[in-house]
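Peer 1: need coordinates for the below:
(4 chains)
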Amino acid sequence: MDLTYSPAEEEFRARLREWLAKTLPDLPARPDPLDWPGRRAYDLGWQRRLYDAGYGALHWDASPTQRLIFLEETERAGAPYVGANFVGLLHAGPTIAAEGTDGQRARWLPPIVRGDEVWCQGFSEPEAGSDLAALRTRAVRDGDDYVITGQKIWTSHAEIADWCELLVRTDPEAPRHRGISWLAMPMDAPGITVRPLRTLAGPAEFAEVFLDAVRVPVANRVGAEHDGWRVTMVTLSFERGTAFVGEVVACRRTLGALARTARANGRWDDPVLRRRLGRLNAEFTALWRLIQRNVGAAREAGGVPGAGGSVFKLRYSQARQELYDAAAEVLGAAGALDADQEWTADRLSSLAYTIAAGTSQIQRDIIAERILGLPKGR
Amino acid sequence: MDLTYSPAEEEFRARLREWLAKTLPDLPARPDPLDWPGRRAYDLGWQRRLYDAGYGALHWDASPTQRLIFLEETERAGAPYVGANFVGLLHAGPTIAAEGTDGQRARWLPPIVRGDEVWCQGFSEPEAGSDLAALRTRAVRDGDDYVITGQKIWTSHAEIADWCELLVRTDPEAPRHRGISWLAMPMDAPGITVRPLRTLAGPAEFAEVFLDAVRVPVANRVGAEHDGWRVTMVTLSFERGTAFVGEVVACRRTLGALARTARANGRWDDPVLRRRLGRLNAEFTALWRLIQRNVGAAREAGGVPGAGGSVFKLRYSQARQELYDAAAEVLGAAGALDADQEWTADRLSSLAYTIAAGTSQIQRDIIAERILGLPKGR
Amino acid sequence: MDLRPTADQRALQSGTRELLARRFGRDRLRAAVEHPALDRALWRELGAAGFFALRLPEADGGVGLGLPEAVLVFEEAGRALLPGPLVAGQLLAGVVPGVAEGERVVGLCEVGSYGMGPYEMGAYEVGAGGGGLWEHPGDCDELILIEGGVAGGPGADAYGGVSGAAYGDACGRAYWNDPGWPVQEPVCSIDPLTPLARVTSYPRRAPRSLDVPRLRREAALLTAALQLGSAARTVEMAVEHAGRREQFGVRIGSFQAVKHLCAEMLIRVEIARSAVYAASLVDQSLAVVGAKLLADEAAVRNARDCLQVHGGMGFTWEADVHLHLKRAWLRVEQWQSRPNAEEVLAEALLTGNVGV
Amino acid sequence: MDLRPTADQRALQSGTRELLARRFGRDRLRAAVEHPALDRALWRELGAAGFFALRLPEADGGVGLGLPEAVLVFEEAGRALLPGPLVAGQLLAGVVPGVAEGERVVGLCEVGSYGMGPYEMGAYEVGAGGGGLWEHPGDCDELILIEGGVAGGPGADAYGGVSGAAYGDACGRAYWNDPGWPVQEPVCSIDPLTPLARVTSYPRRAPRSLDVPRLRREAALLTAALQLGSAARTVEMAVEHAGRREQFGVRIGSFQAVKHLCAEMLIRVEIARSAVYAASLVDQSLAVVGAKLLADEAAVRNARDCLQVHGGMGFTWEADVHLHLKRAWLRVEQWQSRPNAEEVLAEALLTGNVGV
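Peer 2: From the prediction side, this is the model:
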């Protein structure tokens, strides 16, 4: 057991920190959340700067420890969030890097890391949420194309995406998990309709995507035909791995801000609230340590995060909701009921954490069956 | 909605209160918990006094409201607990009263209400706990007798019982719930071996009962042959009904004592503990009101408590554990770790509440399926 | 002794449910979400149906019923997510002309923190801290400001009902205002059905005669009834969804994880209902404090569990789940604070005044 | 940077597990439950295996390892429910002759409440309140009494590690006693494996040189490691039972309700393990305080959930579940109190010293 970093890692951290200190003051102003083209330009611009400085492909081309250092330092410096590059850098990119052909890697990865192209994710469907394998969007082979009809939901950044990592059913006769394929779909193909989705937290980056006889070349399939489920699992395990590192760092910063705000507005005098914040301090510190342990496990497994990500995800999504419940107490009625307050808006968003990317119920099944080896129920 | 009592009920309460005030000072000293014959004599003696004063058969012969008043007043006055008469008065007695023949009622009920005979319960088996219908103890018809072989567990007061309400499998070929019969077994029959069971709370009133070719007359069967499951459900719904009234009153008294103790030893200065006790005050008051609502429902249903008992039982067993966790905080380390402290011993016993008489998991299934109508799982 | 509604009370409750279903069905609800100005025609219709005049004597044109009936009716309003200053309407009918009939809309706003100085005329500034939130500021014809006397603060004896101290000026004061007078600042209300403003300053005129402790107690109880109705509705919504939605080839309600969430939701409702109904009968402050505490818990936690059962579909704006959660959060902040409530309930343990 | 044990550390851990399985298997455990006097032969064997001398320099006959290794070994001891004053043995090896070898059994007892008067010679009475519990009073050849310096009290700066204040006399004092000297009263220990007495009075002799803040910090960490081991063991027990026990025609582990209890248990272990391992590396008080808090929670709640999974069978004396719960309750009371721990952790948020 060891919490020290190698000289190379320390140097990586120092250089990155120096670069961030130099670069961040020059960034343009953040765009309005409803200005989609502005957000695209801002997020891609940030990715371009990372690329130019040599940090572009870190999400799948570096060691887990380097990635950890990168996410930690960017968050600590208050650098922009990955934003519109999220799916490309953390989902589609790693999948293509792991499962794509040389040609596919050459076609799709450089534009992602250079900040030229935006990806979105077409996995969930109205009738296939927790039960992703129930997806119905059909792809019928027609010459060198698939012809695709169906509907996707919870597709973030669809309005400004160039590509969509799409799961489709290529063999309706096969068992549920066996007839699925993974495609890269250009978002300008005819037959695609994007409808923004409003959430309980207000306008968000999600959309519904309707597909009406959309033609996608067979060459855009990553992995073997009908093998999309396995390919997808790789992607999902990335989502449950280090993707949350920056968020945990941010939560710890928020926790400190909560304490200082409570001290300033007098709520610090309530020992129940104070002790709750103390308890959360232990919690988020431990979550951070758990990520560090998981990084070690991922390094051993060749970079692919394991089921330990489910353990982290379950506890973290709960802790994040507790954090923003505590924030509501710190703010008091006038703040907790004011949707313009940043912490109040974050409280609303936090409600998705126990649902998105596998509900807590599903995660507990995964832990019980895959880690603890309890008999599969149904 | 009405919280007032009728003049007759108020008079019942006043007379009972007066009788208790007169009677309780004359009671003999409570016996040592390990003195089984002493406990039998004490508990039966108390029942005899109740009988002589006209309160003997209240548990199945009075209105639910009268029963409520009776349990409330005896608990408030600090009268003895039902003790060794528990199964007779609250399980077997009500079952025989509801399902027995005139002859059976005449044979078994008077000795229960007069405090002449003690009953115990032979339901659970090592392999049939939550899944009671899995019971294996076999009863084979031989002339006018059943010949019974098997094993029972969690049989309270078996050492001093005269009778056992016994569930046996009379038809091994029938579906699980269909081949069970309910028998009254004399505890002095040859072939019965009683072995006391030690629990995590120390020596208790539980035992294992081994049955080796025990002969029980067919005439001792209550209800039709193979119909014991339905008969049993009547008994169990009693257990989840008003049986806990006295305990809730006692919990409220304990809560007051906790507060006064905390004030005396300085722990009252901890607002987290204080507010926890305040929250429990609301909780136990509401549980008391829930019993009152259930009593109204039971009155309507002809005295048999409904599924509302599961709602009460689930919340109460949880609240009772919280109560004694709070007690441990009030006591501090030296008290909470001292098994001789009454509250510490009660804390240990409270651990059984989410398990005994149907685990909380089973109770939630019952509520979800029978009250909310959700689809049966498996 | 029977804690269940009588046949008459059940008829009143189902009549209210039918009225609300007819006049404030799902379409109206969703329209109100986008444009939360009060529907004055609906308000008048509620007035005509006796919603506000419920407890006024029949001689004064009221319905002549009591607090238990008001609680049952408010449970229905909470169930239907009916917006508007309902509590103020119920409590000020017969006090402010036109309110009973639904012709005049009146608001109630707590501006008091305990520890205020002695009564003085003049403008009064509301501190940056608690209180001062005003529901539907654009819809009120009149506003009554309530100062002081919260649970657990000075005057808590009277409010908390722990001792028998007489009600008095020390327990809170009420000021009439027409809605143009107080200085307010806008708040982006978290509840789309309930516009909010924060009162920052108001003219402190001569206090008006109003039994403020009683008003607070009844306001807390009626708010608890609204929470109860919401909690009961979210169980129904969760059960409906779980019985319909299929994943993994079965209805999700057949999964124990979903079942047990729903069971715990029902238990919260039944506990809160027991406390709220009983408090409406004993009309005792301590009972109200406990009932509000449990109803708040039930409403918030049930809305969250309902959201969990609904999964992603519950997270959309179009689902009604979030409306229940947001309204429940809002009501939690009204008429009592959790810390004070728990302190009052703890203190009552010492005095031994727990009754049976 | 790797928070997982190295190959050497894993070998140490499995070696300890094997030693304990061989020398303190289930039969020995159950025998100890009925007769909890220390097994001195086992104690000497532990000494010979380096259990106590683990961190002493090899030059002094020790194993020359560090706190991380001690934590891994103590995790195993917690898993096996090994009784005895283990923490005292580990911390006083090399300080008190014979302890490292397991020849001499020494106890540690916290008698101090903060707010004690200045140091005075003479008999000192321990108040009726906290502290003063002495494990295995009949087995100790020697007892060291620790006064003052608990987390959150005066001296917390040094103990809590929040500021860099120097260790000093103000942060606690240690007194040597032979076990006949302190006046004790018997306590009927809730944990059948751990006899207890309460020290009510003891001779206050000249304090002995011992780094009390460090001793307290390491004692809390090692106790947390014991809790972690217990929490990990109760998951295993629950999973074993759930995978074997059949009800309703299936193994109960196929029910989601049981599965999800077990999953939450594992999560508590992994969170506690992350905190405990990290605290053993940074040797910083704040990390220890958080680790103990989370390990306490994991041990108690896992034991309770394990009991729930076992149902009635877990409620018997013969099942081991209650031994874990009772020991976990005991350890919760040792070396830090939850209120103080949470206050220290809260205070640290203000100073911003949360590190990464």
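
Peer 1: could you pull out the helices for the stretch 251-378 of chain A?
Peer 2: For the stretch 251-378 of chain A, applying DSSP state H, counting those that start in this stretch gives helices covering A:271-300, A:308-336, A:342-350, A:360-366.

Peer 1: of all these, which one is nearest B:Pro33?
Peer 2: Distances from B:Pro33 to each of the helices of the stretch 251-378 of chain A were compared using Cβ to Cβ; the shortest belongs to helix A:271-300, at 39.0 Å. Every C-beta, even on glycine, is put in place using the N, C-alpha and C of the backbone.

Peer 1: what is the closest one packed up against?
Peer 2: Secondary-structure packing of helix A:271-300 (3 or more Cβ pairs under 8 Å, 6 or more residues apart in numbering or on different chains; DSSP states H and E): helix A:64-76, helix A:245-265, helix A:308-336, helix B:271-300, helix D:256-282, helix D:285-310, helix D:338-351.

Peer 1: low-confidence ranges in the chain?
Peer 2: You didn't say which chain, so I picked chain A. A:235-242, A:301-307, A:378 (pLDDT under 70).

Peer 1: let me rephrase: I mean chain C.
Peer 2: By pLDDT under 70, the low-scoring segments of chain C are C:112-125, C:127-131, C:148-172, C:178-179, C:206, C:353-356.

Peer 1: so whichever helix in it runs longest, near chain B or not?
Peer 2: Among the elements of type helix in chain C, defined by DSSP state H, the one spanning the most residues is helix C:212-244. Yes - where contact is defined by Cβ under 8 Å from any Cβ of the partner chain, part of helix C:212-244 touches chain B, namely C:Val235, C:Val239, C:Ala242, C:Gly243.

Peer 1: what residues does the helix or strand following that helix touch?
Peer 2: Where DSSP states H and E defines the elements, the next helix or strand beyond helix C:212-244 is strand C:246-247. Defining contact as Cβ atoms under 8 Å, 6 or more residues apart in numbering or on different chains, one finds that strand C:246-247 is touched by A:Glu127, A:Ala128, A:Gly129, A:Ser130, A:Asp131, A:Ala134, C:Ile252.

Peer 1: buried ones among the residues you listed?
Peer 2: A:Ala128, A:Gly129, A:Ser130, A:Asp131, A:Ala134, C:Ile252 (16 or more other Cβ atoms under 10 Å in any protein chain shown).

Peer 1: what's the closest of those residues to chain D?
Peer 2: Lowest distance from chain D to the buried ones among the contacts of strand C:246-247 (Cβ to the nearest Cβ) belongs to C:Ile252, with 11.4 Å.

Peer 1: the closest one against C:Cys262, yeah?
Peer 2: No - C:Ile252 is beyond contact range of C:Cys262, at 10.4 Å (criterion: Cβ atoms under 8 Å).

Peer 1: which residues do those two both contact?
Peer 2: Both C:Ile252 and C:Cys262 are contacted by C:Ala242, C:Val309, under the criterion Cβ under 8 Å, 6+ apart.

Peer 1: enumerate the residues of the stretch 251-356 of chain C near chain D.
Peer 2: Close to chain D, as judged by Cβ under 8 Å from any Cβ, the stretch 251-356 of chain C has residues C:Phe255, C:Gln256, C:Ala257, C:His260.

Peer 1: and the longest helix of chain C, what's buried?
Peer 2: Across helix C:212-244, burial judged by 16+ other Cβ under 10 Å covers C:212-239, C:241-243.

Peer 1: cool, and stretch A:92-105?
Peer 2: Buried residues in stretch A:92-105, counted by 16+ other Cβ under 10 Å: A:Ala92, A:Gly93, A:Pro94, A:Thr95, A:Ile96, A:Ala97, A:Ala98, A:Glu99, A:Gly100, A:Gln104, A:Arg105.

Peer 1: what is the nearest of the residues you listed to chain B?
Peer 2: A:Thr95 (35.3 Å).

Peer 1: surely that closest one forms part of a helix?
Peer 2: Yes - secondary structure of A:Thr95, determined by DSSP: H, G, I helix; E, B strand; the rest coil: located in a helix.

Peer 1: the longest strand anywhere in chain A versus helix A:342-350: what angle between them?
Peer 2: Scanning chain A for the strand with the most residues, using DSSP state E, yields strand A:202-217. Taking axes from the mean of the first three to the mean of the last three Cα atoms, to 10 degrees, strand A:202-217 and helix A:342-350 form an angle of 40 degrees between their directions.

Peer 1: what residues does chain C put near chain A?
Peer 2: Proximity of chain C to chain A, by Cβ under 8 Å from any Cβ, involves residues C:128-133, C:187-191, C:196, C:198, C:246-250, C:255, C:257-258, C:304, C:307-308, C:311-319, C:321-322, C:325, C:329-330, C:333, C:339.

Peer 1: what is the neighbour count of C:Gly89?
Peer 2: Applying the criterion other Cβ atoms under 10 Å in any protein chain shown, we find 24 residues in the vicinity of C:Gly89.

Peer 1: contacting residues for it?
Peer 2: Contacts of C:Gly89 (Cβ under 8 Å, 6+ apart): C:Trp43, C:Leu46, C:Phe51, C:Phe52, C:Val99, C:Gly102, C:Val105, C:Val106.

Peer 1: and the stretch 201-350 of chain A, which residues reach chain D?
Peer 2: If contact is defined as Cβ under 8 Å from any Cβ, the residues of the stretch 201-350 of chain A in contact with chain D are A:249, A:252, A:255-256, A:258-260, A:263, A:271, A:274-279, A:281-283, A:285-290, A:292-293, A:295-297, A:299, A:308, A:311, A:314-315.

Peer 1: which among those residues count as buried?
Peer 2: Buried residues within these, defined by neighbour count using 16+ other Cβ under 10 Å: A:249, A:252, A:255-256, A:258-259, A:271, A:274-279, A:281-283, A:285-290, A:292-293, A:295-297, A:308, A:311, A:314-315.

Peer 1: in the contacts of strand C:246-247, find the pair that's most separated.
Peer 2: Maximum pairwise distance among the contacts of strand C:246-247 (Cβ to Cβ): 12.9 Å, between A:Ala128 and C:Ile252.

Peer 1: how near is A:Ala319 to D:Leu307?
Peer 2: Relative to D:Leu307, A:Ala319 is positioned 26 Å away (Cβ to Cβ, to the nearest Å).

Peer 1: kindly report the same for C:Asp27.
Peer 2: If you measure C:Asp27 against D:Leu307 using Cβ to Cβ, the figure is 52 Å.

Peer 1: kindly report the same for A:Asp340.
Peer 2: 48 Å.

Peer 1: so the two - more neighbours on which side?
Peer 2: D:Leu307 (25 against 12).

Peer 1: please name the nearest non-neighbouring residue to that one.
Peer 2: In this structure, D:Leu307 finds its nearest non-sequential neighbour in D:Gly314, 4.5 Å apart by Cβ to Cβ, 6 or more residues apart in numbering or on different chains.

Peer 1: grab the nearest non-local neighbour of C:Leu193.
Peer 2: By the measure of Cβ to Cβ, 6+ apart, the closest residue to C:Leu193 outside its immediate chain neighbours is C:Pro83, 4.2 Å from it.

Peer 1: for the stretch 1-150 of chain A, which residues are neighbours of chain D?
Peer 2: Contacts of the stretch 1-150 of chain A with chain D, taken as Cβ under 8 Å from any Cβ, map to A:Met1, A:Asp2, A:Leu3, A:Thr4, A:Tyr5, A:Ser6, A:Glu9, A:Thr65, A:Leu68, A:Glu72, A:Arg76.

Peer 1: my read is that C:Leu143 contacts C:Trp134, right?
Peer 2: Yes - with contact defined as Cβ under 8 Å, C:Leu143 reaches C:Trp134; the gap is 6.8 Å.

Peer 1: any residues in contact with both of the two?
Peer 2: Taking Cβ under 8 Å, 6+ apart as the contact rule, C:Leu143 and C:Trp134 both touch C:Gly107, C:Cys109, C:Pro182.

Peer 1: now the strands for the stretch 1-150 of chain C?
Peer 2: According to DSSP state E, counting those that start in this stretch, the stretch 1-150 of chain C carries its strands in the segments C:106-110, C:122-125, C:133-135, C:142-147.
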